[in-house]
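Q: No sequence on hand, only this structure:
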């Protein structure tokens, strides 16, 4: 797979993900107690043998760049391997980039300089495990001009693209109507590098007018011009166990659900496959532990994910995800919650159905998620009743 260049788009910061994207892009949002969203696409590339990766971003990319520096400096440039963050060349235009096409059109020279034969386009905010080498093999065997990965099992908001195919599995139409039994685009597109450059230049005017992902825009414009194969995700080809899980993290509710899915007896996505681990930056923290408080109340930890450095001192954590260095004090109760790094929850606090951002101090006896009318006066609350506490919130 050294013959394939991966381009990961990591610039999205949709309003539907506020306040989680106040200081970062969607691809850099923490996930599952230790990862970032982009770790899944990058791990897929790593295990699939792809060693040439461009990460296209726009703004708020400090968190993303730091994570890639600390956790993904594993490729060897002396062997022509790289993961490179590519910010926009703003000197080339006065228009702020708002789409995948805006970013790649400014970086087209990087495509032209590459010596790879194929290009794979990816979204850094999607959660799934996939063997891209198996998809490339299927693409070559199909003799199609392009191949788009599609799935029938998905977790996403209303922002999706439904694929219509003919009897030969060629894509004939792309629709924005999304139904439970739809065949949905995953945004994973494989094509010949030189052909991609040619089509981008040829259809530049049409692509400029779209705000879709580049893969969706290209397939929409080209499906009646060239042969585009629909690659069915979740089969038995490749080395990934077929869990058929794909989630587009495009709203707070989908983000919350995707995390809570990991607490099921059989998680929807198999992050425990021994030969397909999800790589990430490992913080240097002491072991997590539960300890009794000064009154002898034991720390309780039930059906949850607890990251390193976290301490439950006489409190209770149930069906929740705690990122590194979280403290839960005496008689505090945390349920159905996602708690980001370095949050301190003081004694007697009661939290449920919430997401608490980094660097928060939850005062004694504070209640979050128990009175949504009260919570709405202070925090953002989703349609499904999930409360989001922004970073460094002042509770005074």
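A: Arrived safely. No experiment lies behind these values; they were computed from the predicted model shown. Numbers count the residues shown, from 1 in each chain.
Q: Just the helices from the protein, written as ranges.
A: All helices of the chain, identified by DSSP state H, fall at 38-48, 62-71, 100-106, 108-113, 132-142, 193-202, 204-208, 214-222, 252-260, 372-376.
Q: so of those, which one's packed in deepest?
A: Highest mean neighbour count among these (mean count of other Cβ atoms under 10 Å): helix 38-48, with a mean of 25. All C-beta atoms are positioned from the backbone trio N, CA, C, and that covers glycine.
Q: Mind listing residues that contact that one?
A: 1, 6, 8, 10, 27-28, 31, 51, 53, 55, 64, 67-68, 71-72, 74, 83, 122-133, 239-240, 275-280 (Cβ atoms under 8 Å, 6 or more residues apart in numbering).
Q: what pLDDT does the nearest residue to residue 223 once chain neighbours are set aside get?
A: Nearest in space to residue 223, with sequence neighbours left out and distances taken as Cβ to Cβ, 6 or more residues apart in numbering, is residue 171 at 4.8 Å. With respect to pLDDT, residue 171 scores 96.
Q: likewise residue 25?
A: 95.
Q: For residue 284, see how far away residue 54 is.
A: Going from residue 54 to residue 284 by Cβ to Cβ, to the nearest Å gives 29 Å.
Q: in the protein, what spans have low per-residue confidence?
A: The chain contains residues with pLDDT under 70 at 1, 90-98, 157-159, 179-180.
Q: Spell out which residues make up each domain of it.
A: Using automatic domain parsing, the domain parsing of the chain gives 4-263, 289-389.
Q: want to try TSV for the ones you listed, with distance to residue 271 as columns?
A: Below are the domains of the chain laid out as TSV (distance: least, Cβ to Cβ, whole Å):
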stretch	distance to residue 271
domain 4-263	7
domain 289-389	10
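Q: Look through this protein and tell me its longest strand.
A: The strand spanning the most residues in the chain, taking DSSP state E as the definition, is strand 184-192.
Q: of the domains of the chain, which approaches residue 395 most closely?
A: Closest to residue 395 of the domains of the chain is domain 289-389 (Cβ to Cβ; 5.2 Å).
Q: tell me how far the ends of the closest one are from each other?
A: Across domain 289-389, the terminal residues are separated by 25 Å (Cα to Cα, to the nearest Å).
Q: Use 55 as the first number from now on
A: Renumbered: residue one is now 55, and that last one reads domain 343-443.
Q: one step back: could you check how far the residue nearest to residue 277 is from residue 265?
A: According to Cβ to Cβ, residue 225 and residue 265 sit 20 Å apart.
Q: Likewise for residue 278?
A: Per Cβ to Cβ, residue 278 is found 21 Å from residue 265.
Q: Kindly report the same for residue 329.
A: 39 Å.
Q: re the thing from before, hang on, isn't the residue nearest to residue 277 packed against residue 219?
A: Yes. If you go by Cβ atoms under 8 Å, residue 225 and residue 219 touch, sitting 5.6 Å apart.
Q: what touches both of those two?
A: Any residue near both residue 225 and residue 219 by Cβ under 8 Å, 6+ apart counts here, and that gives residue 284.
Q: between the two, which one's more packed in?
A: residue 225 (25 against 18; other Cβ atoms under 10 Å).
Q: So what's the residue count around residue 331?
A: Residue 331: 12 neighbours (other Cβ under 10 Å).
Q: contacting residues for it?
A: Shown in contact with residue 331 (Cβ under 8 Å, 6+ apart): 97, 325.
Q: Residue 218 versus that one, what's the distance?
A: 36 Å.
Q: Show the backbone phi and psi for the residue located most distally from the centre of the chain.
A: Ranked by distance from the centre of the chain (Cα atoms, centre = their mean), the top residue is residue 349, with 42.2 Å. For residue 349, the backbone dihedrals (degrees, to the nearest 10) come out as phi -100, psi 0.
Q: contacting residues for it?
A: Taking Cβ under 8 Å, 6+ apart as the test, what residue 349 contacts is 368, 384.
Q: Check the spacing between it and residue 318 real quick.
A: 34 Å.
Q: can you check residue 159 too?
A: 42 Å.
Q: Redo the helices of the chain as JSON lines? Include distance to residue 285.
A: As requested, those are exported to JSON lines (distance: least, Cβ to Cβ, whole Å):
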{"stretch": "helix 92-102", "distance to residue 285": "14"}
{"stretch": "helix 116-125", "distance to residue 285": "27"}
{"stretch": "helix 154-160", "distance to residue 285": "19"}
{"stretch": "helix 162-167", "distance to residue 285": "22"}
{"stretch": "helix 186-196", "distance to residue 285": "5"}
{"stretch": "helix 247-256", "distance to residue 285": "17"}
{"stretch": "helix 258-262", "distance to residue 285": "22"}
{"stretch": "helix 268-276", "distance to residue 285": "12"}
{"stretch": "helix 306-314", "distance to residue 285": "23"}
{"stretch": "helix 426-430", "distance to residue 285": "43"}
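Q: Quick one, which of those gets closest to residue 377.
A: Closest among the helices of the chain, once you apply Cβ to Cβ, is helix 306-314, at 10.6 Å.
Q: List the residues that contact residue 135.
A: Applying Cβ under 8 Å, 6+ apart, the residues contacting residue 135 are 105, 106, 129.
Q: got a winner among those residues for most neighbours?
A: Within the contacts of residue 135, residue 106 tops the neighbour count with 22 neighbours, counted by other Cβ under 10 Å.
Q: Show me what the residue nearest to that residue when sequence neighbours are not counted bridges to in the sheet.
A: Distance criterion Cβ to Cβ, 6+ apart; nearest residue to residue 106, sequence neighbours excluded, is residue 59 at 4.7 Å. With DSSP bridges as the criterion, residue 59 is bridged to residue 106, residue 173.
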